[in-house]
Structures are given as structure tokens and as C-alpha cells.
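Participant: model the following, please.
(6 chains)
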Protein chains: 4
Amino acid sequence: MEKKLQDKKELIQQFRTEGILDAARSVISKRGLDKATMEQVADEAGISKATIYLYFKNKEELYYRCVVDGMDELLSAMEKAAAGIADPLERLKRLMLTQMEFIDADRDFFKVYIIESRDLLFDKTSECGREFAKRHDRLVRIMSGCIRECMENGGLRKMDPIKAHYLLFSMMRGMAMFSIMSGKDGPLSSEAAVILDIFLNGMKA
Amino acid sequence: MEKKLQDKKELIQQFRTEGILDAARSVISKRGLDKATMEQVADEAGISKATIYLYFKNKEELYYRCVVDGMDELLSAMEKAAAGIADPLERLKRLMLTQMEFIDADRDFFKVYIIESRDLLFDKTSECGREFAKRHDRLVRIMSGCIRECMENGGLRKMDPIKAHYLLFSMMRGMAMFSIMSGKDGPLSSEAAVILDIFLNGMKA
Amino acid sequence: MEKKLQDKKELIQQFRTEGILDAARSVISKRGLDKATMEQVADEAGISKATIYLYFKNKEELYYRCVVDGMDELLSAMEKAAAGIADPLERLKRLMLTQMEFIDADRDFFKVYIIESRDLLFDKTSECGREFAKRHDRLVRIMSGCIRECMENGGLRKMDPIKAHYLLFSMMRGMAMFSIMSGKDGPLSSEAAVILDIFLNGMKA
Amino acid sequence: MEKKLQDKKELIQQFRTEGILDAARSVISKRGLDKATMEQVADEAGISKATIYLYFKNKEELYYRCVVDGMDELLSAMEKAAAGIADPLERLKRLMLTQMEFIDADRDFFKVYIIESRDLLFDKTSECGREFAKRHDRLVRIMSGCIRECMENGGLRKMDPIKAHYLLFSMMRGMAMFSIMSGKDGPLSSEAAVILDIFLNGMKA
DNA sequence: TATGAATGAGGTTTCATTCAT
DNA sequence: GATGAATGAAACCTCATTCAT
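Facilitator: Below you'll find the predicted structure:
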């Protein structure tokens, strides 16, 4: 019984947390991190400003969780998607597709992660910044590891695989920016093949 | 004589303006656009806050001019560099190299231009936002125009040339991020060949 | 119960609003509209500057509400006082007396209303200015309407009744200034008879 | 020779001073004392801000001279106009007419004097306020003195002649306000007879 | 004398955060 | 647990005033 109540409480806890995060992502993606106020987030979530502070220590943590919680999911999804695929090229394709599908499923997260995350990217003095860095590193490791294998067995030219990852990742970002800027807000995943094709062709040994 | 005094005045004017812009770029590149305050810019420039307002209407304009003034120079340099080159592939190379050299020459401008300028968030309702949009469009037009020619005569595969520009531009951005993140803060232009090689190979028809 | 809480909330809301308005009137009446700062108002009200902004949009609105809220009460009182009095001369007397008693009851409001409200300068382009103008017009209409009747049935000479109102209203103002300047800060209403006597005699047909 | 140069210098001095005062009155009458900036005054006068400080110590003194210099002229004119008129009623008429003609000749001065002078009126702590008070007293003395004579020999009812002055003066003010508010910006002096008629009739013993 | 340039001081406003209920 | 109310801290911006030229 004790346990069940505990569960219920946690469920409610999580429900609220998720709702606030969604609201925050929505607001940040629309107005930018700086211009997004706690009040707007509260309004979007349909709760009061003070309530946010029951679930998040402060604005920085809220923002950081917007990014990091999503990244945790993304990273899990990527690892799951890649598991058991022997062919590194095939694996790279799956990894990219997973990312894009993830982005398609939540444009707001994407915008916060891709466009607004430079604060976290550079500020290593804050707990939040360091936590973000961990995820960032993990993503880089997953992707660059796979790319390295492609270089070794998949016919890709040899170069720093981390550098290669940054190029590939940026192409995805560029494609997303294009689709947003041009107003053609179609699914990013439909462009996965094009991006990979250009990248793999371009990187051929 | 009259003329000479006029010139001198303009020179001083420009000197101050440039000094403030440099200070602003420096502060923004260090603390991020949101966290940069007018006070910090003033301190960095060695002047008082109020003086900034003699040369810039408000913070928004100062920020946009950080980007826009640099872009004007960049765009001029690109147009000059491209002039008279018949071969579109060669021209594309020159355009990319020019951008990278430009960025290498002023890292602070680079950070504001590449990292802080959140293209998606510029406010087209403000004078400043529209001015920025103009430059953005001009850059896109120059690059995508050249890319289109490469598609027609240079053996590149056919696709939306604007989309292609976003991909290429993003690769440059990715390379820059890599060099920053990895701490190897070498010149970006030394990577121009690699980026173009991958892009052009990848885009081969 | 719901209703009761609602009432209580509104009560508190109104209490604060009124407290701030009183503080503002006090400060303005002492230092003048121009020199009154939000900080002084906050201090006088015993709250923080930021709290004022929970109840008033900005300084302009606060100022106008100092006048406009008082005028609303004054206008109601005048309409009530005049209601059901058939004789226009008698009605005019009641109207004047009501104004003066009202002013006597709140010297701070009086100073803001009579001395600081620079009718000529209200800005009709702002919401606040238009709201003030409405009240001003209503007062003019009430008084000039009554004066017109006095001209038709009360033996007053014929002239533009609005002009006549301005004359009468100014006499009240002059009397107030006199009592302030001479230091004899007695009740204005005790002079109502004198003013009216002079005005009505003077205006006899 | 020395004398002549001295004269010329003084002439220029006076020319500048007068130009600045006119500009200041114009700006203050349009925007109100508070909103009028030294810059606007300088622009209106066609000189630089700093130049104003060659002729006036600070904004307060500039403002004060706007009022007081005009009042000095007005008071001289009134004394001259009243000189040698034995009949106090006739003299009162001349005094009022002089004031109104003076106001007609310079609406800006009127607006500054009548509408914006409350700062000076109440602030006796500043040199400026005290100087203004002197003129104010002198005006009151001239008018109330004449009114007292009217009470003694002209058939006016007995009352505090200073109070009577405030009433009469206010009527003039009210008439001016009316003409400005109603847009019928005709000469105030044409209404002198009406005002005096009402006042004198009203004040009949 | 005249002024362009600079600034100190201070005002308005915003917002993340706290706390009593 | 939820929130309405309050606020400290800080940001932006303005303007009267000074001073070197």
C-alpha cells in the first residue's frame, strides 16, 4: 500500500514535471531563452509561477532540464536503435534517422536543444553546464565511434572522426534550419537519406 | 579646410563606433548575447554607458550592428572575391575561403555572427531585424546562386540550391564548433579545402 | 464561499490600489508631479517599488488614476447631489458645494486635481489621456448644462455656457489658490456662497 | 569707444539671452516644463546645448527667467498703464487690458507663466522661487490695491481685496483656458470687457 | 564665444525568486 | 501541494551638466 501511494505520488510528480518542461520548451522555442519568462512558462503550463519552484530549483535548472531530459531520451533511443546492427554504415543511418525522428516528434525540444543551447555548451562553471557536457560528450562518442568504424570498414576516408561528426551533425542542423526558415516545415527525417548520401559520398576514401 | 574638418569629425565618429562595436562583440562573445549588459560593453570600451547611446539608439541596435556591420564587410569582400571568376566551382571555393578568412580575422565577430545570431529569432517587426534579414538574404542569394551554377555547369547534382547552401554553410559552422570545442583553435580557413571537398564530392551528380 | 473569497480578494486588491493612489497623491501634492518618483510613492505607501507595478501599468497610468479615480467619485457625487433639484440656480449651488466639499475632504486629491492636472497637456494619444479627457468633458457638460438652464430660466445673461463654466470653475480654483497662498487653509466650501453670489450677480441678464 | 564696445557686447548678450528664452518658452509651452529638455530648447534656438550654459546657470534658472523676465515686463507695462488714472474702476480696466494684451502678444509666455509656474509658486527654498514670489507679490499688490480703491470709491462690496484679486485673475485664466481648450484661439483682450463686467457687477455692494 | 563629446546621477521598469496562507 | 502577493536586484535608458578644443 505504502508503495502504491509512493508510485502515485511519483506519477503525479512526473506528470507535473513533464508538463512544465513542455511548456518551457514551447515558450523558449518561441521567444528564445532570454526573453522567456517564468510567468510565460507558468501560463503556458496552466499553473502558477510559484509552482514551478516546487519542481525546479530555478530558471537555470528548468532550462537545463529542458535540454538534458530530452537528450537522455534521445541518447537512449539512439543506443537502442543502434544495438545489434553490425554494419557500421547501416548503423550510422539508423542513428541519424533516430535523431531526426526524435526531432520531428518534438520541434520545440529541437529548437531549444539546437538553437538555444549555446549557454550550456560553453558554461562549464555551472553544475548544469557540466551535466550538459556529459550528454554532449556521450552523443559525440556514439556518433564518432560509429563514424570511426565506417572509416575502418565502410570505405570512408580517414580523418578525425569527431570532426566528421561535427560536420554530419551540422548538416542535419542546417537542413532543419532550412526547413524552418523556408517555411516548408516538413519532416526532417524525410531528408535523412539526402544528408547521409551527401556525407557518405563526400567522405568516400 | 571645411572638408578636412568634416573628414576628421567623421573619422572620430567612426573610430568610436568601431570601438564600441568591438567592445560589444568581445563582451557578447564572452558572456553571450543575453548576459551582456550595456555596462560591461561600456567598461570594455573604456567609456561610460551613456556614451554608447550617443552612437547607438539602444541595445537592440547595438547588437544588430555587431552582426550587420560585419556582414556588410563580409558581403563586400565576398562579392569582390567572386568577381570575374568564370568557373562556378572555383568561385564557390573563393567564396568559402573568403568567409573563413574573414572569420579567422576576427574571432569575436565570428562568435557573434555564427553562434549568437539566432536566425530564427530575429524580429522582422523591428527596423534592426529587417536590416539583418536583408543581409542574411543577400548572403543566401550569393551562395545559392553560385551553387546553382555549379549544378548547371559544374557537375553538381540538382537540388534546391538554397537548401544546398544551408548544408554547406552549416558544415562551416560545424567545423568552427569543432575547433572551438576541441580547443584546437586553429584557423578555420585551413579547413576550407576539406569542407568543400566533402561537399562537392558528396553533391556530385 | 467561493463568492466570499472572491470578495475578500477584491477587497484586498482595492485596499492596495487605494493605498498606492493615496500615497501617490500625497507625494505628488508635496513634490509636484514631475519630481515625484515611483520610489517616493512606494516609500510613502510602505511597499516596494515593484509592487506598484502589480497594480498600475506604469507611472503615467498611476498619475492619471490619481486624478481620474477621484474625478469618478466627484462626478458621481455631483450627479447624485443634483438629482431631483428642479430649480437650476439651486442645482448650480448644490453642484458647486459638492465639488468644494469633495475637495475639502481630500486636500491631496485637490492639489493633484486642481494644481497638477495641466488640462492643456494631457496627451490624447495615450489611453490614459483619453480617459482623463472623458471625465473632463463630463464635468464640463454637467456644469455647462446647468448653467445653460440658468440662462434660460434663471435670469442669467446669455453667453456660451461652456465659457461661463470655465469662468466659474476658475473662480473656485482662484479661491483655492488664495486660501493656500494666504496660509488660511480653511474649508473651501465655506466660500461657496461668495463665489456663487459674485458669479450669479455678475452674470445677471 | 570702450563704452560702445561694451554696448555692442551687451546687445549681443541680450540678443542671445532673449532668443534662448523665447525658445525655452516655446518648448515649455508645448511639452510642459518637465518634458522640455535642454536639447529641445537648444534646437529651437538654433544653437548648441552647451551655449545655453553660457547665458544661464542651469535649467532651473532658465525656466525661472522665462517666467520672471516676462513678469518684469508685464509689471512695468501695468504700472505705466495705470499711471495717472484717477478713477480706480477705469484703472482696473486698464490693468486688466494690459495683462490681456500682454498675454495675447506672447501666448508662450502666458502658458509658461500661468500653467507651468506652480513649481516656482510653491518652492520658496530656491533663490528662483523667492524671486518669483517677489513679482507675484508685486502683481497682487498692484491689483489688490486698485481693487481696494474700487471698494472704497467705486461701489464694490467690501471683502479681502487680495481674495478679490485672486478671483479676478482666475477668471482671466479661465477665459484663456477656454479659448485654448475650445480651439477658438482669439485674442484674450477682446474678452476683457466681459470679464470685468461680470466681476464688477458681481462685486457690486 | 561656441560647441561636440562625454558622463554621473538617477528614473522607470522587469523578473527570478520567496513566503505566508 | 499550490498560489497570490511581494520584492531585491539589476537592466535599460535619459538628461542636465561639464570640459577640452
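Participant: other SSEs contacting the longest helix belonging to chain A?
Facilitator: Criterion DSSP state H: the longest helix present in chain A is helix A:2-31. Packing contacts for helix A:2-31, counted by 3 or more Cβ pairs under 8 Å, 6 or more residues apart in numbering or on different chains; DSSP states H and E, involve helix A:38-45, helix A:49-55, helix A:59-82, helix A:107-110. Heads up, the C-betas are built off the backbone N, CA and C, glycines and all.
Participant: can I get those helices in JSON lines with distance to C:Phe109, mean pLDDT and mean neighbour count?
Facilitator: Listed next are the helices and strands packed on helix A:2-31 as JSON lines, based on distance: least, Cβ to Cβ, whole Å; pLDDT from 0 to 100; neighbours: other Cβ atoms under 10 Å in any protein chain shown:
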{"stretch": "helix A:38-45", "distance to C:Phe109": "34", "mean pLDDT": "98", "mean neighbour count": "18"}
{"stretch": "helix A:49-55", "distance to C:Phe109": "35", "mean pLDDT": "97", "mean neighbour count": "15"}
{"stretch": "helix A:59-82", "distance to C:Phe109": "42", "mean pLDDT": "95", "mean neighbour count": "19"}
{"stretch": "helix A:107-110", "distance to C:Phe109": "51", "mean pLDDT": "92", "mean neighbour count": "21"}
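Participant: which among those is found nearest to DNA strand F?
Facilitator: For DNA strand F, the closest of the helices and strands packed on helix A:2-31 is helix A:49-55, at 2.9 Å, according to Cβ to the nearest atom of the strand.
Participant: wait, does the closest one contact chain C?
Facilitator: No: using Cβ under 8 Å from any Cβ of the partner chain, helix A:49-55 stays clear of chain C, with a minimum separation of 12.7 Å.
Participant: can you dump the C-alpha coordinates of that helix into PDB?
Facilitator: Coordinates of the C-alpha atoms in helix A:49-55 are reproduced here as PDB (Å, rounded to 0.1, in the frame of the first residue of the first chain):
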ATOM      1  CA  LYS A  49       4.700  30.800 -11.200                       C
ATOM      2  CA  ALA A  50       5.400  29.600  -7.700                       C
ATOM      3  CA  THR A  51       4.500  26.100  -8.500                       C
ATOM      4  CA  ILE A  52       7.400  25.800 -10.900                       C
ATOM      5  CA  TYR A  53       9.700  26.300  -8.000                       C
ATOM      6  CA  LEU A  54       8.300  23.200  -6.300                       C
ATOM      7  CA  TYR A  55       9.600  21.100  -9.200                       C
END
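Participant: compute the number of surrounding residues for A:Ala193.
Facilitator: 12 (other Cβ atoms under 10 Å in any protein chain shown).
Participant: now name the helix or strand holding it.
Facilitator: Assessed by DSSP states H and E, A:Ala193 sits inside helix A:192-202.
Participant: A:Ala133 too?
Facilitator: Going by DSSP H and E, A:Ala133 is part of helix A:127-153.
Participant: for that helix, which positions count as buried?
Facilitator: Residues of helix A:127-153 classed as buried: A:128-129, A:131-133, A:135-136, A:139-140, A:142-151 (neighbour count, 16 or more other Cβ atoms under 10 Å in any protein chain shown).
Participant: mind giving me the packing neighbours of it?
Facilitator: Helix A:127-153 packs on helix A:59-82, helix A:88-105, helix A:118-122, helix A:161-181, going by 3+ Cβ pairs under 8 Å, 6+ apart.
Participant: mind listing what's buried in the longest helix of chain A?
Facilitator: Buried residues in helix A:2-31 (16+ other Cβ under 10 Å): A:Arg16, A:Thr17, A:Ile20, A:Leu21, A:Asp22, A:Ala23, A:Ala24, A:Arg25, A:Ser26, A:Val27, A:Ile28, A:Ser29.
Participant: and if you look at stretch A:87-103?
Facilitator: Under 16+ other Cβ under 10 Å, the buried positions of stretch A:87-103 are A:88-89, A:91-100, A:102-103.
Participant: mind putting these in JSON lines, pLDDT and distance to C:Lys158 included?
Facilitator: Converted to JSON lines, the buried residues of stretch A:87-103 look like this (pLDDT from 0 to 100; distance: Cβ to Cβ, whole Å):
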{"residue": "A:Pro88", "pLDDT": "95", "distance to C:Lys158": "103"}
{"residue": "A:Leu89", "pLDDT": "95", "distance to C:Lys158": "102"}
{"residue": "A:Arg91", "pLDDT": "96", "distance to C:Lys158": "100"}
{"residue": "A:Leu92", "pLDDT": "96", "distance to C:Lys158": "97"}
{"residue": "A:Lys93", "pLDDT": "95", "distance to C:Lys158": "96"}
{"residue": "A:Arg94", "pLDDT": "96", "distance to C:Lys158": "96"}
{"residue": "A:Leu95", "pLDDT": "97", "distance to C:Lys158": "94"}
{"residue": "A:Met96", "pLDDT": "96", "distance to C:Lys158": "91"}
{"residue": "A:Leu97", "pLDDT": "96", "distance to C:Lys158": "91"}
{"residue": "A:Thr98", "pLDDT": "96", "distance to C:Lys158": "90"}
{"residue": "A:Gln99", "pLDDT": "95", "distance to C:Lys158": "87"}
{"residue": "A:Met100", "pLDDT": "94", "distance to C:Lys158": "85"}
{"residue": "A:Phe102", "pLDDT": "93", "distance to C:Lys158": "84"}
{"residue": "A:Ile103", "pLDDT": "91", "distance to C:Lys158": "81"}
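Participant: give me the distance between A:Ile114 and A:Arg107.
Facilitator: 10 Å (Cβ to Cβ, to the nearest Å).
Participant: swap that for A:Lys184, please
Facilitator: 13 Å.
Participant: if you drop the residues flanking it in sequence, what lies closest to the spatially most central residue of chain A?
Facilitator: Geometric centre of chain A, nearest residue: A:Met71, 4.3 Å, by Cα atoms, centre = their mean. Computed as Cβ to Cβ, 6 or more residues apart in numbering or on different chains, the closest residue to A:Met71 that is not its neighbour in sequence is A:Arg135, at 4.3 Å.
Participant: again, but for A:Ile142
Facilitator: A:Met78 (5.9 Å).
Participant: how about that neighbour, what does it touch?
Facilitator: A:Leu95, A:Thr98, A:Gln99, A:Leu139, A:Ile142 (Cβ atoms under 8 Å, 6 or more residues apart in numbering or on different chains).
Participant: one more time with 10 Å, if that's ok
Facilitator: A:Met78 makes contact with A:Arg94, A:Leu95, A:Met96, A:Leu97, A:Thr98, A:Gln99, A:Phe102, A:Arg138, A:Leu139, A:Ile142, A:Met143, A:Cys146 under the criterion Cβ atoms under 10 Å, 6 or more residues apart in numbering or on different chains.
Participant: residues near the nearest residue to A:Ile114 once chain neighbours are set aside, how many?
Facilitator: Closest residue in space to A:Ile114, ignoring its immediate chain neighbours: A:Arg173 at 5.6 Å, by Cβ to Cβ, 6+ apart. Using other Cβ under 10 Å, A:Arg173 is surrounded by 22 other residues.
Participant: just the pLDDT for A:Arg173.
Facilitator: The per-residue pLDDT reported for A:Arg173 equals 94.
Participant: and the residue of chain A nearest chain C?
Facilitator: A:Glu39 (12.1 Å; Cβ to the nearest Cβ).
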